[in-house]
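S.K.: need a structure here:
(one chain, ligands or ions: 2)
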Amino acid sequence: STPAPRSPTILSLAQHLRQVERERPGGVADDLSPLMNQLAFAAKVLAREINRAALAAAAPPQSVQGGTNSTGDDQTRLDVYANQVVLDAFHRSTRLAGLVSEEMDELVVLSEGDRARMILCIDPIDGSSNTEINGSLGTIFGFYRRERTGPGDLTAELIEGRAPLVAAGYVFYGSGTLLVYSQGEGVRSFLLDRELGEFMMCHPDIRCPEEGDSFAANTGRLYEWHPGLQRYIHHISQRDPATRRPYSLRYSGALVADFHRCLLRGGVYFYPSDRGHAEGKLRLFYESAPLAFLVEQAGGKASDGRSPILPPRARSIHQRSSLVIGSAREVELIEKFVAEA
Ligand code: AHM
Ligand code: MG
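M.R.: Numbering: from 1, shown residues only. Ligands and ions are numbered 1, 2, ... in the order given. The predicted structure follows:
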């Protein structure tokens with residue numbers, strides 16, 4: 001008799017995607033597999049470039065600055081390059097109808113995507129202020145699915161919630177390059193093996209701990225925050241071993257890196273509104289919502305301090321929102337302090 005097939009211990013992202021496609025034919029996976037492979041390719045190109053980004057930034061003329069993007073942020077040379085890598089990876093895709101990037105004013109309609117349902121919203125380089133200091137960087141992405149194919153106003157479909165988020169993830173360029181993603185059945189991570197040139201599965205089912213003992217926020221703006229948040233900081237700074245206080249502060253300036261810690265170890269990341277950022281700083285469609293999708297898949301929570309991030313409510317594709325994200329209990333604790341103020 002033949003032995004029962006066992007699940008392989010060494011599995012690449014491409015193999016994993018083929019496996020999901022085989023198990024669920026006709027589902028979202030049919031569209032997602034080729035798209036995720038294209039995304040993984042872009043991530044490999046970016047990982048290589050990021051490796052020498054600190055050098056390039058220190059040595060003109062490669063370090064020409066990019067200008068400002070649609071939401072008024074300074075663009076680094078890497079932001080501009082990364083946006084081009086993403087466009088190149090997808091421009092002939094027959095599975096992608098449209099692409100929204102932090103670095104482009106308008107949604108791009110893809111020339112060969114007239115029969116496609118997916119819309120990709122992406123922040124090609126998250127945490128770009130870390131580029132020159134050899135700090136952590138990321139790429140955040142969400143795949144939104146149209147109700148039907150064919151002509152239509154893709155921007156309106158996104159904003160009005162007619163194209164819900166069906167898969168999301170990020171690439172974390174840290175001491176290793178890690179791709180974390182979910183298509184609605186748990187969260188998996190894959191580490192880039194540079195010798196093989198492949199993302200290899202390293203965690204098949206990430207769960208976010210219910211509680212944590214660390215927080216990530218730019219407390220430099222503490223006195224510009226909602227009074228409830230100021231009281232929250234006071235609360236978590238008190239000593240009480242039973243509730244693991246005082247909490248530790250862990251903030252890198254790159255959302256992906258700070259979120260990743262919360263996802264794995266527990267804790268909370270938040271970027272609230274303040275005097276300089278009336279609606280918060282982070283962008284809904286390609287920063288907050290994709291991470292909210294992931295954290296919910298892992299058993300955690302994401303809100304704007306009062307109500308859930310998902311489904312996104314927006315007036316524009318570059319909509320900003322406050323974000324509180326991480327362990328369920330930690331997000332609820334912040335919501336309590338905000339509600340009581
Ligand atoms: P970016 O996409 O322009 O890099 O902005 C997003 C980044 C996040 O990665 C990070 O958490 C936050 O902005 C840091 O902002 P601040 O410097 O105000 O703390
Ligand atoms: Mg960015």
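
S.K.: from here on, contacts and neighbour counts on C-alpha atoms
M.R.: Noted.

S.K.: what pLDDT, on average, does the host helix or strand of L192 get?
M.R.: If you go by DSSP states H and E, L192 is part of strand 188-193. Summarised as a single mean, pLDDT over strand 188-193 is 98.

S.K.: Would you mind pulling the contact partners of it?
M.R.: The contact list for strand 188-193 (C-alpha atoms under 8 Å, 6 or more residues apart in numbering) reads 12-13, 44, 176-182, 198-206.

S.K.: partner strands of it, parallel or antiparallel?
M.R.: Paired neighbours of strand 188-193 in the sheet (DSSP bridges): strand 177-182 (antiparallel), strand 198-203 (antiparallel).

S.K.: quick one: that strand to chain centroid distance?
M.R.: 15 Å (C-alpha atoms, centre = their mean, to the nearest Å).

S.K.: in that strand, what counts as buried?
M.R.: Neighbour counts over strand 188-193 (16 or more other C-alpha atoms under 10 Å) mark 188-192 as buried.

S.K.: near ligand 1, from those?
M.R.: When the buried residues of strand 188-193 are checked against ligand 1 using C-alpha under 6 Å from any ligand atom, none falls in range.

S.K.: now those residues in CSV, with distance to ligand 2?
M.R.: As requested, the buried residues of strand 188-193 are exported to CSV (distance: C-alpha to the ion, whole Å):
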residue, distance to ligand 2
R188, 23
S189, 22
F190, 22
L191, 22
L192, 22
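
S.K.: Could you see whether ligand 1 lies near stretch 311-321?
M.R.: No - judged by C-alpha under 6 Å from any ligand atom, stretch 311-321 makes no contact with ligand 1; its nearest approach is 10.8 Å.

S.K.: What angle do strand 177-182 and whichever helix in the chain runs longest make with each other?
M.R.: Ranked by residue count and defined by DSSP state H, the top helix of the chain is helix 28-51. With axes from the mean of the first three to the mean of the last three C-alpha atoms, to 10 degrees applied, the angle from helix 28-51 to strand 177-182 works out at 160 degrees.

S.K.: tell me the mean pLDDT over helix 28-51?
M.R.: 94.
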